[in-house]
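Asks: pasting a predicted model and its sequence here:
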Amino acid sequence: MVTQSSREKKALKIPLFDWRVKNGKIYVGNEHRGYEILVYDLDGNLLRKIRKEYNSIKYPEEFKKSVDEMAKRRPDIYSLDYCPPFNSFFIDDDNRLYVMTYEQEENKEEYIYDIFNADGIFIARKSIGLTYVIGQALNRRRAQAKNNRYYRIRYKENGYPELIVYKMIWE
């Protein structure tokens, strides 16, 4: 029998392990490596490591409150103060990597993305809309970029989804 004193307290958080296969490459991100995305070929050979310094972002108060409520019923869990290094990522047709951070614009519906070129060199930071938020990690509405268009789903006030398409112009 396991008693409360023999249980180890653990943080209740959204685990970050994200991966994509695109254009003959495998992209892997894991919070235990910090802000680092590993790029492999299909034979499993490491091609590059993409790293960046990042700003630590505190978990939103509403998320912390919900974890604290759960902790009243399950004293073996607790909330963390900071979000993982990044939220998610996707790759476009030209092998540009878009990394969604937890940093938000003034409009709380938009998150800032770090954008890297095909060689893994940081080229831009841009707010390109919401793809999914904390608490919806298992129900991801993933963004896509294809043919210099960015696609995402936005939910209207009435709850119905709407496809939003942006044309991307690179200078």
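Replies: Good, I have the coordinates.

Asks: so how far is Gly34 from the most centrally placed residue in the chain?
Replies: Among the residues of the chain, Asn87 comes closest to the average C-alpha position under Cα atoms, centre = their mean, at 1.7 Å. Using Cβ to Cβ, to the nearest Å, Asn87 is found at 14 Å from Gly34. Quick note: C-beta positions are derived from backbone N, CA and C, even for glycine.

Asks: Glu105 is in contact with Lys126, correct?
Replies: No. Checked against Cβ atoms under 8 Å, the pair Lys126 and Glu105 is beyond contact range at 9.9 Å.

Asks: what do these two both touch?
Replies: The contact sets of Lys126 and Glu105 overlap at Ile112 (Cβ atoms under 8 Å, 6 or more residues apart in numbering).

Asks: looking at the two, which has the bigger crowd around it?
Replies: Lys126 (15 against 12; other Cβ atoms under 10 Å).

Asks: name the nearest residue to that one, sequence neighbours excluded.
Replies: Tyr113 (5.6 Å; Cβ to Cβ, 6 or more residues apart in numbering).

Asks: show me what contacts that neighbour?
Replies: Contacts of Tyr113 by Cβ under 8 Å, 6+ apart are 98-101, 125-128.

Asks: go on, Met100?
Replies: 86-89, 111-113, 131, 143.

Asks: all helices for this structure, in order.
Replies: Listed in chain order, the helices of the chain (DSSP state H) span 61-73.

Asks: so where's it shaky on pLDDT?
Replies: 1-15, 78, 107-109, 129-142 (pLDDT under 70).

Asks: please redo it, this time with the cut-off set to 80
Replies: Residues of the chain meeting the criterion pLDDT under 80: 1-16, 60-64, 66-68, 70-81, 105-110, 128-144, 152-155, 171.
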